[in-house]
Structures are given as structure tokens and as C-alpha cells.
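Participant: The sequence isn't on hand, but the structure is:
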């Protein structure tokens, strides 16, 4: 395979952007508006798990908004329904790891472990947490 210059890579990217925009329009705006409607007070993300959960939720919203574009056209978009299903399963798996199944109040294990007097997050524990999230995400 021939090595491509930055200009060639950008030209290919521009073609991809134009092709996707022809299908989805400004879907990124729809997804942003949907997330704002879901979280009118914003989103507090402090841990790697918070970021992982929000990331997967954002992907679900993108897939729903892409499906809505197809729906408006009287079409189906199987890629979006399948991806949405996969992302939902991933989100549930992350939630199963984060939340204590017996804890009816919904307090996260992470929040309890950060109480005053308990171990403080160190660089090493943060690295382990990031590696755990990466493993769960398939990286």
C-alpha cells in the first residue's frame, strides 16, 4: 500500500465527511440537542467509570438519532439498531461493575470508596482503574 501524504488523507476524510453528511445531515447537532435534553443540568463526570458510562450512552444517542434520520425517510437502518443493542449491553455490563447489586439507594461503589478516611486515589490506583475500563471496553 502506498504511503499517503497528509493532503491525501485529508482529501479522503473530506469525501467521507461529505458522504456521511449526505446520509445523516447535521446529525451531530441532533445528538447534542438530545443529550442536552436528557441532562439539562449538565453531567458531572469525575471517575473513569463516569466517563465510560457517558461515552457509551452518547454512542447510543448517536445511533438513535441516526435511526431517526432513516425513519424520517421511511427507511430502516439496521446498523444503528444493532450497534444500539451492542452499546446497551456494554452500558449494562459497566453498570453491573460500578453499582452494588444489593444497594437499593444506587450509590456507587466508587463513591463509597472515596469517603473521607479511606484510601485516596493515587496515580497507581487511577492507572488500574483506567486499565479496568479499557479491558471492559475491549481495548
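Facilitator: Arrived safely, thanks for sending. Remember, predicted model here, so these are calculated numbers, not experimental data. Residues are numbered from 1 along each chain as shown.
Participant: Pull out the buried positions in the lengthiest helix in the chain.
Facilitator: Longest helix in the chain, counting residues (DSSP state H): helix 48-72. Using 16 or more other C-beta atoms under 10 Å as the test for burial, helix 48-72 gives 48-49, 52-70. For the C-beta atoms, the positions are set from N, CA and C on the backbone; glycine is no exception.
Participant: With stretch 78-87 instead?
Facilitator: 80, 83, 84, 87.
Participant: And the contacts of that stretch?
Facilitator: Residues outside stretch 78-87 that contact it (C-beta atoms under 8 Å, 6 or more residues apart in numbering): 56, 59, 60, 63, 64, 66, 67, 70.
Participant: got a list of what the closest residue to residue 62 other than its chain neighbours touches?
Facilitator: Using C-beta to C-beta, 6 or more residues apart in numbering and skipping residues adjacent in sequence, the residue nearest residue 62 is residue 31, 4.9 Å away. If you count contacts by C-beta under 8 Å, 6+ apart, residue 31 has them with 58, 61, 62, 65.
Participant: can you put those in CSV and add distance to residue 39 and pLDDT?
Facilitator: Output for these, formatted as CSV (distance: C-beta to C-beta, whole Å; pLDDT from 0 to 100):
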residue, distance to residue 39, pLDDT
58, 11, 96
61, 10, 96
62, 15, 94
65, 15, 94
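Participant: related to what we said a few turns ago, element containing the residue nearest to residue 62, please.
Facilitator: Element membership for residue 31, per DSSP states H and E: helix 27-38.
Participant: what comes up buried for that helix?
Facilitator: Buried residues in helix 27-38 (16+ other C-beta under 10 Å): 27, 30, 31, 34, 35.
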